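[1] all I have is the shape, not the residue letters:
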């Protein structure tokens, strides 16, 4: 059974009342969070890298540590100073601590008790900024992506930004979280149409320098010169489909194919996806793992001008899965501290710090927003009843609080936005929702107009709730 979301000091009723009346500084998009209306940015970020820690990363063990809390909450780790005065993070993130002056830690990000506490709903809320609908409550982690879903933040950026002349506008790598058909919802373009879906670039755990782009890769023996013949066949197939499928869906499908063909025919795409040309010292700095190389690939795509890149932490590590009673990622139901100390944190620390350092040294950080998020935090009380309780020293799911980390893209580094109570269980002052985080990304990217039209030409707003966190950009 999930623990209740709201503490006596911040009851659910208070949240609901505040969301409609704006009382007590607790409204969605509270002024206490520095959420006053911001003027459009004069120099928007050119790209965003969203690094998603699949499984639910422990905020209290990484970013929002509580050294004065009782031991059954604070756990085994100690905070260390960073390069930013007053900003402290986990002792097992020493390389990231050196980049502290670039980082803005956003604490107290909450689902307001409006999600379900499982992974599918967490992905959806944090990737789209939209509250999960009733289907998530009925279907849980069996809930599949629907064409009527709200689009991911990245797909909105791709739809609103001018198309890249040679590269895809939205790229996802190195894997799609969860196995089909129960792929995590929220990754795709949904109601925007499949023409705005991300292009998927697949990584390889055994050969981390090897990436393939299924939508951009020619079959063996098919040269660009032969693509004309293939298009004749595909045109015939599409003609048949037009008699069977809804016209709007077919048009989206055809436009997606057009993009794939133009990218296949362009020599400019090949180099961006080949990280073997990087210096050995650069490969070592990022860490020659699927996640480290995924972040390096993201930097290369930023250099190529891709507006939005999502890097999902690869969960397919069988050793971590067995050790942590998880899916191989950050879902540390068991053995939380050993899994973080020995496996997850060192790999994250090396790759993430390298990305921030590399972007800064190349003069790209100011024009590139980098955001670290997850589908939820971890329960501050140690001991997960689903995995042998205290013996396993795990942390259960926790949607009442999590932390998001931002850097670059006009974000002022070296600061903390938001706060939690002394045990990192609930927001202490002003709650921040995933919708506020999403609006902050749009603001950084210079996207103020979120109007769209559906297949029947009817206008709608892509995200009505939330406001950008003004404190991030002050």
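    Here it is on my side, so go on. These numbers were taken from a predicted model, which means no experiment stands behind them. Residues are numbered from 1 along each chain as shown.
[2] so which residues of the stretch 201-350 of the chain form helices?
    Taking DSSP state H, counting those that start in this stretch to define them, one finds helices in the stretch 201-350 of the chain at 227-242, 247-264, 268-272, 280-286, 290-303, 318-324, 336-339, 345-361.
[3] count of neighbours near the nearest residue to residue 367 once chain neighbours are set aside?
    Closest residue to residue 367 apart from its sequence neighbours, by CB to CB, 6 or more residues apart in numbering: residue 46 at 4.5 Å. Glycine gets a C-beta too; all of them are placed from N, C-alpha and C. For residue 46, the count of nearby residues is 18 (other CB atoms under 10 Å).
[4] look up phi and psi at residue 432.
    For residue 432, the backbone dihedrals (degrees, to the nearest 10) come out as phi -120, psi 130.
[5] separation between it and residue 402?
    Separation of residue 432 from residue 402 (CB to CB, to the nearest Å): 10 Å.
[6] and for the two, which residues touch both?
    Taking CB atoms under 8 Å, 6 or more residues apart in numbering as the criterion, residue 432 and residue 402 both touch 109-110.
[7] what is the orientation angle of the helix or strand hosting residue 403 with helix 345-361?
    Counting by DSSP states H and E, the element that carries residue 403 is strand 402-407. Strand 402-407 runs at 30 degrees relative to helix 345-361, counting by axes from the mean of the first three to the mean of the last three CA atoms, to 10 degrees.
[8] partner strands of strand 402-407, with direction?
    strand 103-109 (antiparallel), strand 368-373 (antiparallel) (DSSP bridges).
[9] mean pLDDT added to those strands, as JSON lines?
    As requested, the strands paired with strand 402-407 are exported to JSON lines (pLDDT from 0 to 100):
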{"stretch": "strand 103-109", "mean pLDDT": "98"}
{"stretch": "strand 368-373", "mean pLDDT": "98"}
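[10] need those in JSON lines with distance to residue 39 and mean neighbour count, can you?
    Formatted as JSON lines, the strands paired with strand 402-407 follow (distance: least, CB to CB, whole Å; neighbours: other CB atoms under 10 Å):
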{"stretch": "strand 103-109", "distance to residue 39": "19", "mean neighbour count": "26"}
{"stretch": "strand 368-373", "distance to residue 39": "18", "mean neighbour count": "25"}
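[11] spatially nearest residue to residue 450 (excluding sequence neighbours)?
    Among residues not flanking residue 450 along the chain, residue 462 sits closest, at 4.2 Å (CB to CB, 6+ apart).
[12] OK, contacts around the one you found?
    Taking CB under 8 Å, 6+ apart, one finds 150-151, 156, 450-452 in contact with residue 462.
[13] residue 382 contacts residue 70, correct?
    No - look at residue 382 against residue 70 with CB atoms under 8 Å: they stay out of range, at 9.9 Å.
[14] neighbour-wise, which of those two wins?
    The neighbour count for residue 382 versus residue 70, taken as other CB under 10 Å, is higher for residue 382 (24 against 12).
[15] for that one, give me the pLDDT.
    Looking at residue 382, its pLDDT stands at 93.
[16] that one: what's it in contact with?
    Counting by CB under 8 Å, 6+ apart, residue 382 touches 72-73, 75, 336, 390, 393-395.
[17] can we see that at 6 Å?
    residue 72 (CB atoms under 6 Å, 6 or more residues apart in numbering).
[18] tell me which element it falls in.
    According to DSSP H and E, residue 382 maps onto no helix or strand at all.
[19] any idea which residue is closest to the centre of the chain?
    Taking CA atoms, centre = their mean as the criterion, residue 52 is the residue nearest the geometric centre of the chain, at 3.8 Å.
[20] so what's it bridging to?
    Beta-bridge partners, per DSSP bridges, of residue 52: residue 312, residue 373.
[21] is it true that it touches residue 314?
    No - contact criterion CB atoms under 6 Å: residue 52 and residue 314 do not qualify, at 10.9 Å.
[22] need the nearest residue in space to residue 79, chain neighbours excluded.
    Excluding the flanking residues, the one nearest residue 79 by CB to CB, 6+ apart is residue 88, at 4.0 Å.
[23] what's the neighbour count on that neighbour?
    When neighbours are defined as other CB under 10 Å, residue 88 has 19 of them.
[24] what's across from it in the sheet?
    Beta-bridge partners, per DSSP bridges, of residue 88: residue 81.
[25] ok, it to residue 56 distance?
    In terms of CB to CB, residue 88 sits 22 Å off from residue 56.
[26] residue 466 now?
    Applying CB to CB, the value for residue 466 to residue 56 is 21 Å.
[27] these two: which is more packed in?
    Neighbour count, other CB under 10 Å: between residue 466 and residue 56, residue 56 has more, with 27 against 21.
[28] list the contacts of the closest residue to that one other than its chain neighbours.
    Distances taken as CB to CB, 6+ apart place residue 376 nearest to residue 56, at 4.2 Å, with adjacent residues excluded. By CB under 6 Å, 6+ apart, the contact set of residue 376 is 56, 122, 397, 399, 402.
[29] what pLDDT does residue 376 get?
    Residue 376 carries a pLDDT value of 97.
[30] equivalent analysis for residue 9, please.
    Reported pLDDT for residue 9: 40.
[31] with residue 325 instead?
    Note for residue 325: predicted pLDDT of 86.
[32] now it: how far from residue 382?
    Counting by CB to CB, the gap from residue 325 to residue 382 is 14 Å.
[33] which residue ranges of this protein form strands?
    Using DSSP state E, the strands of the chain run over residues 47-52, 79-81, 88-90, 103-109, 170-173, 199-200, 308-312, 368-373, 377-378, 397-398, 402-407, 415-417, 451-453, 459-461.
[34] let me have these in a markdown table, adding distance to residue 115 as columns.
    Shown next, in a markdown table, are the strands of the chain (distance: least, CB to CB, whole Å):
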| stretch | distance to residue 115 |
| --- | --- |
| strand 47-52 | 16 |
| strand 79-81 | 29 |
| strand 88-90 | 26 |
| strand 103-109 | 12 |
| strand 170-173 | 22 |
| strand 199-200 | 26 |
| strand 308-312 | 19 |
| strand 368-373 | 14 |
| strand 377-378 | 12 |
| strand 397-398 | 10 |
| strand 402-407 | 11 |
| strand 415-417 | 22 |
| strand 451-453 | 24 |
| strand 459-461 | 21 |
